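> requesting a structural model of the entry that follows:
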Amino acid sequence: MTTAAVGTVHRATALAQALGRALRDAMAEDPSVHVLGEDVGTLGGVFRVTDGLAKEFGEDRCTDTPLAEAGILGAAVGMAMYGLRPVVEMQFDAFAYPAFEQLVSHVSRMRNRTRGALPMPITVRVPYGGGIGGVEHHSDSSEAYYLATPGLHVVAPATVADAYGLLRAAIASDDPVIFLEPKRLYWSKDGWDPERPEQVPGIGRAVVRRQGTSATLITYGPSVPVCMEAAEAAGAEGWDLEVIDLRSLVPFDEETVCASVRRTGRAVVVHESTGFGGPGGEIAARITERCFHHLEAPVLRVAGFDIPYPPPMLEKHQLPGVDRVLDAVARLQWESEWTSEGGVR
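Below is the predicted model of the structure:
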């Protein structure tokens with residue numbers, strides 16, 4: 001728990017509760033903010049993030065929609081064109097795919113198409129990632145699709161404070177934001193005060209979660225706790241690992257990432273998305289281009305396998321875990337030693 005003032009101890013708040021509070025505060029402050037999606041009203045969402053919003057603000061502002069993702073996002077485009085700030089909930093990651101045509105053809109392009117006359121202040125909340133024992137279409141890590149779509153901002157919180165702060169920033173943005181919510185962290189808790197939420201860096205800024213000197217772990221969303229645990233375990237082997245939480249994939253905080261890698265000389269990118277065509281490839285390329293003369297070993301990736309998401313009993317093999325991260329760190333050490341001894345690839 002954290003203490004904001006002497007004698008004041010805050011009760012633990014779950015990440016999902018912080019998201020709900022962000023929606024409530026945004027709706028209370030700005031009547032143009034509307035929430036819409038499947039079961040967001042009466043039920044309060046599958047994960048109860050929108051619980052109570054329909055009762056407080058009415059069904060006109062927290063609206064249950066038909067099971068038609070393309071229609072939900074298409075309606076949000078029209079709402080944004082008429083000056084509203086819609087917040088769309090896609091019930092699960094892979095359920096968002098039917099809405100992808102709207103996203104690519106209209107949401108991502110409208111502001112550019114109209115030379116800025118029509119901004120698209122749409123926030124698309126996407127519960128994503130594995131670790132909950134979900135079946136196919138309930139555990140995808142689909143961020144690579146959004147990264148490859150110019151015109152979108154893409155963020156992924158990993159802490160309670162960031163869940164609140166980044167969602168408020170997303171709703172306030174005049175650009176469309178894909179807001180990736182790691183499902184397995186929904187009920188992770190911290191001593192965060194909803195009445196006096198701490199200020200966090202905005203969209204486009206990464207944060208160093210753990211300082212180190214031996215190598216840099218670069219990650220985001222559900223893989224942040226994994227990397228923090230791996231960094232602690234690596235200490236027993238004499239490795240002092242730095243952990244960077246990207247928080248924002250687009251815009252990408254190249255400055256923070258490259259400053260860290262230039263200090264440590266080694267980097268591992270960790271994420272649940274597939275390795276081939278995944279975010280790690282772009283991040284590794286940027287590091288190599290900007291930090292080549294500082295690298296003592298190739299940039300490595302620890303990612304999900306290049307397969308459709310497996311059944312629940314097999315997901316522990318699919319998801320990057322502490323052992324796979326530590327294996328990559330060991331490979332970095334071997335590569336560094338081999339190269340320093342004159343090895344040639």
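> can we go C-alpha only for contacts and neighbour counts from here?
Noted.
> pull up the pairing partners for whichever strand or helix holds residue 269, direction included.
Using DSSP states H and E, the element containing residue 269 is strand 267-274. Strand pairing for strand 267-274, determined by DSSP bridges: strand 215-219 (parallel), strand 300-304 (parallel).
> C-terminal to it, what's the next element?
helix 279-291.
> thinking in terms of the whole chain, how far from its middle is stretch 96-103?
19 Å (CA atoms, centre = their mean, to the nearest Å).
> report the buried residues of that stretch.
96, 97, 99, 100, 102, 103 (16 or more other CA atoms under 10 Å).
> so what's the spatially most central residue of the chain up against?
With distances taken as CA atoms, centre = their mean, residue 156 lies nearest the centre of the chain, 1.5 Å away. By CA atoms under 8 Å, 6 or more residues apart in numbering, the contact set of residue 156 is 179, 180, 181, 182, 220, 221, 247, 248, 249.
> what's the least confident helix or strand in the chain, going by average pLDDT?
For the chain, counting by mean pLDDT, DSSP states H and E, strand 3-5 ranks last in confidence among helices and strands (a mean of 40).
> of the contacts of residue 156, which is the most crowded?
residue 247 (30 neighbours; other CA atoms under 10 Å).
> which ones are touching it?
Neighbours of residue 247 in contact, by CA under 8 Å, 6+ apart: 155, 156, 157, 158, 203, 204, 205, 206, 207, 220, 221.
> cool, and residue 244?
So residue 244 contacts 206, 207, 208, 209, 210, 216, 217, 218, 219, 220, 257 (CA under 8 Å, 6+ apart).
> quick one: buried residues of stretch 113-130?
Buried-residue list, stretch 113-130, by 16+ other CA under 10 Å: 118-130.
> ok, so of those residues, who is nearest residue 293?
residue 129 (34.7 Å; CA to CA).
> could you list the low-confidence segments of the stretch 201-345 of the chain?
335-345 (pLDDT under 70).
> show me where it has strands.
207-210, 215-219, 241-245, 248-250, 267-274, 300-304 (DSSP state E, counting those that start in this stretch).
> quick revisit: ok, the contacts of residue 247 vs residue 326, which is closest?
residue 220 (17.2 Å).
> for that closest one, give me its contacts.
So residue 220 contacts 156, 157, 158, 244, 245, 246, 247, 270, 271 (CA under 8 Å, 6+ apart).
> distance to residue 148 added to those residues, as CSV?
Below are the contacts of residue 220 laid out as CSV (distance: CA to CA, whole Å):
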residue, distance to residue 148
156, 16
157, 20
158, 22
244, 22
245, 20
246, 17
247, 17
270, 19
271, 16
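> now compare those and name the two farthest from each other.
157 and 270 (15.0 Å).
> measure residue 12 to residue 130 for me?
Taking CA to CA, to the nearest Å as the measure, residue 12 and residue 130 are separated by 24 Å.
> one more: residue 19?
19 Å.
> go on, residue 321?
12 Å.
> so who does the closest residue to residue 313 other than its chain neighbours touch?
With sequence-adjacent residues excluded and distances taken as CA to CA, 6 or more residues apart in numbering, residue 313 is closest to residue 133, at 7.4 Å. Taking CA under 8 Å, 6+ apart as the criterion, residue 133 is in contact with 311, 312, 313, 315.
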